[in-house]
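Chemist: Here is the input, now give the coordinates:
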Amino acid sequence: MRFIDSHTHTYFRSFEDLKQMSSAGVEGLVVCSYFPVRPTGPSTLIDLYRWVIEEELARLNSCGIVGKAAVGIHPRSIPASDVDAVLSHVENLFETGQASVLGEVGLEVANELEVEVLARQIRLAMEHDVAIVLHTPRKNKEEVFEKLVKIILKERVDPCRVIFDHLTPQLIPRVKKIGAKAGITVQPGKLSEGDAVEIVNIFGSEDILINSDLGNVPSDPLTLSRVARAMGEAGISEKDVERAVYLNAKSLLSF
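Modeler: A predicted model of the protein is given here:
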């Protein structure tokens, strides 16, 4: 079976992990920009984007994986100064086609600064017709999620271009109601393979994207293949499995 992982941070991982993913059938993945501490200035994020675009995509290609660069300001990575410089650079990357996804962006504590920075980034994504990967936090997830929905509706974003990521099963009906995509992160501390199986059994595979969020926290490069196997063993049809781990991401993200 083939896989596309819609949310990773592979620049934190080894070459051996990438080879494992390729051997397991991962054809493509999205590399989301995320810096684990608050940058002191814009150059940190600008250099991160350069690392992803110039180095990480080439590293993935050498392993037989097609990578797409997602750039943006994560709510935990808002620089202490000159946000404008970062956003100007992000816009240039969209204009030149060096990046094709806005992400990972979203809200963490949903304060005024996070909301403003997110809204500005969403407008850039709309201007350049790129998909959006939205972060939802571990704490106060439902409350912050509703604030994200209000921003999406206020900005009149086409919801079918938006992935609400790291969702709990309880939030999936709300995502489906507004016509957005449900990102299901299978990772220690988030959801399990069994959770993913139950989600597809209850809600079907339409607009469901399974991802690993592979990065600097405990995570498994073989997540998608493990989830696919668990779904098959649970009696979920091969077509539904393929949608959740491959086809939905392939269609939305133009792999």
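
Chemist: buried stuff in the biggest helix by length in the chain?
Modeler: When the chain is parsed with DSSP state H, its longest helix is helix 112-127. Buried residues in helix 112-127, counting neighbours by 16 or more other Cβ atoms under 10 Å, are found at 114, 115, 117, 118, 120, 121, 122, 124, 125, 126. For every residue, glycine as well, the C-beta is placed using N, CA and C.

Chemist: One more: stretch 165-181?
Modeler: Buried, per 16+ other Cβ under 10 Å, within stretch 165-181: 165, 166, 167, 171, 172, 174, 175, 176, 180, 181.

Chemist: Which pair of these spans the longest distance?
Modeler: Greatest spacing in the buried residues of stretch 165-181, by Cβ to Cβ: 166 and 176 (16.3 Å).

Chemist: returning to what we had before: in JSON lines, list the buried residues of helix 112-127 along with distance to residue 80 and pLDDT.
Modeler: Formatted as JSON lines, those follow (distance: Cβ to Cβ, whole Å; pLDDT from 0 to 100):
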{"residue": "114", "distance to residue 80": "14", "pLDDT": "98"}
{"residue": "115", "distance to residue 80": "18", "pLDDT": "98"}
{"residue": "117", "distance to residue 80": "13", "pLDDT": "98"}
{"residue": "118", "distance to residue 80": "17", "pLDDT": "98"}
{"residue": "120", "distance to residue 80": "17", "pLDDT": "98"}
{"residue": "121", "distance to residue 80": "18", "pLDDT": "98"}
{"residue": "122", "distance to residue 80": "22", "pLDDT": "98"}
{"residue": "124", "distance to residue 80": "21", "pLDDT": "98"}
{"residue": "125", "distance to residue 80": "24", "pLDDT": "98"}
{"residue": "126", "distance to residue 80": "27", "pLDDT": "97"}
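
Chemist: ok, now which ones touch residue 232?
Modeler: Going by Cβ atoms under 8 Å, 6 or more residues apart in numbering, residue 232 touches 238, 241.

Chemist: That one - that's part of a strand, no?
Modeler: No: counting by DSSP: H, G, I helix; E, B strand; the rest coil, residue 232 is not part of a strand but helix.

Chemist: That one and residue 203: what is the separation?
Modeler: 18 Å (Cβ to Cβ, to the nearest Å).

Chemist: doesn't residue 21 make contact with residue 4?
Modeler: No: contact criterion Cβ atoms under 8 Å: residue 4 and residue 21 do not qualify, at 10.9 Å.

Chemist: Overlap of the contact sets of these two?
Modeler: Joint contacts of residue 4 and residue 21 (Cβ under 8 Å, 6+ apart) are residue 29.

Chemist: one step back: can I get the buried residues of helix 112-127 in a markdown table with distance to residue 12?
Modeler: What follows is those, written out as a markdown table (distance: Cβ to Cβ, whole Å):
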| residue | distance to residue 12 |
| --- | --- |
| 114 | 23 |
| 115 | 28 |
| 117 | 23 |
| 118 | 23 |
| 120 | 27 |
| 121 | 22 |
| 122 | 26 |
| 124 | 25 |
| 125 | 24 |
| 126 | 30 |
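
Chemist: nearest to residue 106, of those residues?
Modeler: residue 118 (6.6 Å).

Chemist: what about the stretch 101-250 of the chain, any weak spots by pLDDT?
Modeler: Scanning the stretch 101-250 of the chain for pLDDT under 70 picks out no residues.

Chemist: For the protein, which segments are assigned as helices?
Modeler: 15-24, 42-50, 57-62, 83-95, 112-127, 141-154, 172-178, 193-203, 223-233, 238-242, 248-253.

Chemist: Just put these in TSV and tack on distance to residue 76.
Modeler: Formatted as TSV, those follow (distance: least, Cβ to Cβ, whole Å):
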stretch	distance to residue 76
helix 15-24	23
helix 42-50	12
helix 57-62	24
helix 83-95	14
helix 112-127	9
helix 141-154	13
helix 172-178	22
helix 193-203	24
helix 223-233	22
helix 238-242	33
helix 248-253	24
